[in-house]
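Asker: Everything below, folded, please.
(one chain, ligands or ions: 1)
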Amino acid sequence: MSAPTTELAAVEVRSPLLDRFHRAGVLGLADVHTAEGLGRMVRERDERVLLATALTVRALRNGSVCLDLTTASDVALADDDALTGPTDTPSLEELPWPAVDAWLEACRGSALVAGPDAPPADRPLRLSGTLLYLERYWQQEESVRAQLEERQRAAPPALDADALERDLARLFPPDVELAGEVDHQREAGLAGATRRVTVLAGGPGTGKTTTVARLLALLRAQPGPRLRVALAAPTGKAAARLAEAVREATGRLPVEDQERLGTLDASTVHRLLGWRPGSKSRFRHDATNPLPHDVVVVDEMSMVSLTLMARLLDAVRVDARLVLVGDPDQLSSVEAGAVLADISGPAQTSVVRLTHNWRFDGEIADLADAVRTGDADRAVALLGRGHGGVALAPLDPAGGLGTGAAGVDELSRRLAGSAEAARRAAVAGDPAAALEAIESHRLLCAHRRGPYGVTRWNVEVEQWLARTLPGYAADGEFYLGRPLLVTANDRDLDLWNGDTGVVTNTDAGLRAAFARADRPLLFPPVRLDAVQTVHAMTVHKAQGSQFDAVTLVLPPPESPLLTRELLYTAITRARERVLLLGTEEAVRRAVARPASRASGLRTRMAPPPAPTGSSGPVSA
Ligand SMILES: Nc1ncnc2c1ncn2[C@@H]1O[C@H](COP(=O)(O)OP(=O)(O)OP(=O)(O)O)[C@@H](O)[C@H]1O
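Answerer: Here you go, the predicted model:
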């Protein structure tokens, strides 16, 4: 990465220290200017404080809530989404990093920085221990911590203990398959009923949705008024999957429970909270106008940022039950925070972890487990077997599709198969089949840009399909079978960033179809503001979706985006087949590198007291 001299010529960077970090590629211009602007407000002349401020802004861009000054020099290069590889940047250790103790001292003495006990909004930054926050994020973290602790401390909701015990035994019967294992689903049922907040954590197929359906049946079977239930997830796609999965799980319950539950719909978290684009408070529901629901279930919690979590807690009544569901081993939210991972820490007794895999039994589950537990040798051995559901093949970044190389050939075959099936269904006017076809395989990348990135592969795949499949993409911008990705929320259309769809014929003419639980949403393509073609997508965007087969383009081992969570998330998107394109070294590096996001939530949240109270002793 060469020094960004052309940008520098246009805008002056005053601080020589910040300039040095900027030229080394650690700080972006926006980070520098934010820090210098804040510094000017209070005439801060200590460059070390400005450096800490700029690095805090940078840390937020990369998903951390704050900057840990003791580990700041471990940061990777700034533009984490560009091509990485050998650079001409001096090594990070050669930069003039301030000595940590003196740096902390300088921050403590600065008029820019408030201490942990100062009143809110006193100063633009806040130092708590060794963690430096922008005030807004400190407030959000404080709000999330305080609200979770308050809900954990609050008296359990009133319950009929006899009914609870009876229905717990009925809805969570002992299962022979568990032979000797603890029945965590039953434990989760009890926790969800007797606590105000429960975290239900588990990988794919561990029965999270099944447990949610049974828990809701348990609560609806309680005597008294019928509890109002809301189901939500961060994206429209994930919400649609949640609604469908809850319906399926409900269908397996006794008829009387099915009747009590009825048909539960799910919405995005934004929609549930009443998102108002452009309005001052942004959400209709907040602490002054809370949601009416007695039980709020949020799925795919790993995708929920700190900011959204703070808004969610504001809007859910303190006396309601909140059930937070997700896989803490997946990638965290695109925006700052790792809320689910933070609140799933071992000290948090409101967490129930489901560990038994009811769905998969095979290579994909084994590979996911090896990656999750940091066992690179096992992961590589599984990939090297050359049969079954998982494989690793080399990728020449300069080469294209259809080159004859084994891995690339498999990718080409899958791309062509999925595109042909989507086009056939689209021509025939079958939106559901076209949607199913585009979900049969997905090409995933870690990067957005560069030779391993989504932008390159999207163009490459579209051009290759047009060359290979007669008539493909020949009918204009919105060609039949074109796979679409929504890139911005559109509340009016109920379309959300990350939703995927397909262009298809219908009785009413050409439409863009998007999957929903009951039937696809259909819009004339001209009504769509923010869509792009999606032959390839980032692993982040694929969260909340699953595909029959997944191919992951691995970036080079030195890419800072190549983390354990990225690899685990990509692998667990697949139901039947995972193909990794890249090197064994890249796999090993990914497995060895858990993503680290700085935040104070995990360490500062007090463990909740053991549940007691009105429900009486009910044993799991
Ligand atoms: N206790 C159980 N007994 C028998 N089958 C179960 C049990 N729990 C879950 N299953 C089955 O395992 C499969 C996966 O369950 P479920 O969809 O609830 O998992 P999940 O954790 O929500 O998965 P995902 O995260 O992939 O959506 C389903 O087919 C379900 O019927």
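Asker: what secondary structure does the residue of the stretch 351-500 of the chain found nearest the ligand sit in?
Answerer: In the stretch 351-500 of the chain, the residue found nearest to the ligand is Trp358; the distance is 3.1 Å by C-beta to the nearest ligand atom. Quick note: C-beta positions are derived from backbone N, CA and C, even for glycine. At Trp358 the chain is in coil, as set by DSSP: H, G, I helix; E, B strand; the rest coil.
Asker: Isn't it up against Thr206?
Answerer: Yes: using C-beta atoms under 8 Å as the test, Trp358 is close enough to Thr206 to be in contact (6.8 Å).
Asker: Compare the two (neighbour count), which wins?
Answerer: Under the criterion of other C-beta atoms under 10 Å, the comparison of Trp358 against Thr206 puts Thr206 first, with 22 against 14.
Asker: And for Val427, the neighbour number?
Answerer: Number of residues near Val427 (other C-beta under 10 Å) recorded here: 15.
Asker: can you check Leu580 too?
Answerer: For Leu580, the count of nearby residues is 27 (other C-beta under 10 Å).
Asker: buried ones in stretch 452-467?
Answerer: Going by neighbour count (16 or more other C-beta atoms under 10 Å), the buried part of stretch 452-467 is 452-454, 456-458, 460-462, 464-465.
Asker: ignore the last one, stretch 15-35
Answerer: Neighbour-count burial for stretch 15-35, counted by 16+ other C-beta under 10 Å, picks out 15, 17-28, 31-35.
Asker: Restricted to helices, list those residues.
Answerer: Members of these lying in helices (criterion: DSSP state H): 17-23, 31-35.
Asker: so what's Thr70 up against?
Answerer: Shown in contact with Thr70 (C-beta atoms under 8 Å, 6 or more residues apart in numbering): 100, 130.
Asker: A helix includes it, no?
Answerer: No: using three-state DSSP, the secondary structure at Thr70 is coil, not a helix.
Asker: if I look at it, how far off is the ligand?
Answerer: The gap separating Thr70 from the ligand is 36 Å, by C-beta to the nearest ligand atom, to the nearest Å.
Asker: tell me the pLDDT at that residue?
Answerer: At Thr70, the model reports a pLDDT of 90.
Asker: Repeat that for His356.
Answerer: Looking at His356, its pLDDT stands at 85.
Asker: Assess the claim that it and Gly207 are in contact.
Answerer: Yes: counting by C-beta under 8 Å, His356 touches Gly207, with 7.3 Å between them.
Asker: out of these two, which sits in the more crowded spot?
Answerer: Gly207 (21 against 16).
Asker: which ones are touching that one?
Answerer: Counting by C-beta under 8 Å, 6+ apart, Gly207 makes contact with 185, 354, 356, 358.
Asker: Then Ala419?
Answerer: Ala419 makes contact with 465, 469, 472, 481, 535, according to C-beta under 8 Å, 6+ apart.
Asker: hmm, 10 Å instead?
Answerer: The contact partners of Ala419, taken as C-beta atoms under 10 Å, 6 or more residues apart in numbering, are 437-438, 441, 461-462, 464-466, 468-469, 472-473, 481-483, 535.
Asker: Dump the buried residues of stretch 452-467 to CSV, plus distance to the ligand, secondary structure and pLDDT.
Answerer: Listed next are those as CSV, based on distance: C-beta to the nearest ligand atom, whole Å; DSSP: H, G, I helix; E, B strand; the rest coil; pLDDT from 0 to 100:
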residue, distance to the ligand, secondary structure, pLDDT
Tyr452, 27, coil, 92
Gly453, 27, strand, 93
Val454, 24, helix, 94
Arg456, 30, helix, 93
Trp457, 26, helix, 94
Asn458, 27, helix, 94
Glu460, 30, helix, 93
Val461, 27, helix, 95
Glu462, 30, helix, 93
Trp464, 31, helix, 94
Leu465, 30, helix, 95
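Asker: Looking at those residues, which is nearest Ser545?
Answerer: Closest to Ser545 out of the buried residues of stretch 452-467 is Val454 (14.9 Å), distances taken as C-beta to C-beta.
Asker: pretty sure that closest one contacts Ala446?
Answerer: Yes: using C-beta atoms under 10 Å, Val454 makes contact with Ala446 at a distance of 9.2 Å.
Asker: about what we covered before: what sits in contact with each of His356 and Gly207?
Answerer: With contacts defined as C-beta under 10 Å, 6+ apart, the residues shared by His356 and Gly207 are 184-185.
Asker: what's near enough to touch the residue of the stretch 401-550 of the chain found nearest the ligand?
Answerer: The minimum distance from the stretch 401-550 of the chain to the ligand, using C-beta to the nearest ligand atom, falls at Gln546 (6.5 Å). Contacts for Gln546 (C-beta under 10 Å, 6+ apart) come out as 204, 241, 439, 442, 572-575.
Asker: By neighbours, which of the residues you listed wins?
Answerer: Arg442 (29 neighbours).
Asker: which helix in the chain runs the most residues?
Answerer: Of all the segments of type helix in the chain, defined by DSSP H, the longest one is helix 406-427.
Asker: Kindly calculate the angle that the helix or strand following that helix makes with helix 406-427.
Answerer: Per DSSP states H and E, helix 406-427 leads on to helix 431-438 as the next helix or strand towards the C-terminus. Here helix 431-438 runs at 170 degrees with respect to helix 406-427, directions being taken by axes from the mean of the first three to the mean of the last three C-alpha atoms, to 10 degrees.
Asker: Write out the residues of the stretch 201-350 of the chain neighbouring the ligand.
Answerer: Proximity of the stretch 201-350 of the chain to the ligand, by C-beta under 6 Å from any ligand atom, involves residues 202, 204-210, 245, 249.
Asker: quick check, nearest of the residues you listed to Pro156?
Answerer: For those, the nearest to Pro156 is Lys208 (22.1 Å; C-beta to C-beta).
Asker: Touching, that closest one and Gly192? I think so.
Answerer: No: applying C-beta under 10 Å, one finds Lys208 not in contact with Gly192, separated by 11.3 Å.
Asker: Find residues that contact each of these two.
Answerer: Counting by C-beta under 10 Å, 6+ apart, the common neighbours of Lys208 and Gly192 are 200, 323, 325, 352.
Asker: Who is the last one paired with across the strands?
Answerer: Spelled out, that is Val352. For Val352, the beta-bridge assignment (DSSP bridges) gives partners Leu200.
Asker: just the third one next, same as before
Answerer: With DSSP bridges applied, Val325 shows beta-bridge pairing to Leu200.
Asker: Might you report the residue contacts of it?
Answerer: By C-beta under 10 Å, 6+ apart, Val325 lies in contact with 188, 192, 198-202, 208-209, 211-212, 231, 233, 242, 297-302, 340, 354.
Asker: go on, the last one?
Answerer: The contact partners of Val352, taken as C-beta under 10 Å, 6+ apart, are 184-192, 195, 198-202, 208, 211, 344, 620.
Asker: So which of the residues of the stretch 201-350 of the chain next to the ligand are in helices?
Answerer: Judged by DSSP H, those include 208-210, 245, 249 as members of helices.
Asker: For Val229, give me phi and psi.
Answerer: phi -120, psi 140 (degrees, to the nearest 10).
Asker: follow-up on the earlier one: can you redo the ones in helices among the buried residues of stretch 15-35 as a markdown table with distance to Pro156 and pLDDT?
Answerer: Output for those, formatted as a markdown table (distance: C-beta to C-beta, whole Å; pLDDT from 0 to 100):
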| residue | distance to Pro156 | pLDDT |
| --- | --- | --- |
| Leu17 | 54 | 92 |
| Leu18 | 52 | 92 |
| Asp19 | 57 | 90 |
| Arg20 | 56 | 89 |
| Phe21 | 51 | 89 |
| His22 | 53 | 87 |
| Arg23 | 57 | 85 |
| Asp31 | 46 | 92 |
| Val32 | 51 | 93 |
| His33 | 50 | 92 |
| Thr34 | 45 | 94 |
| Ala35 | 47 | 95 |
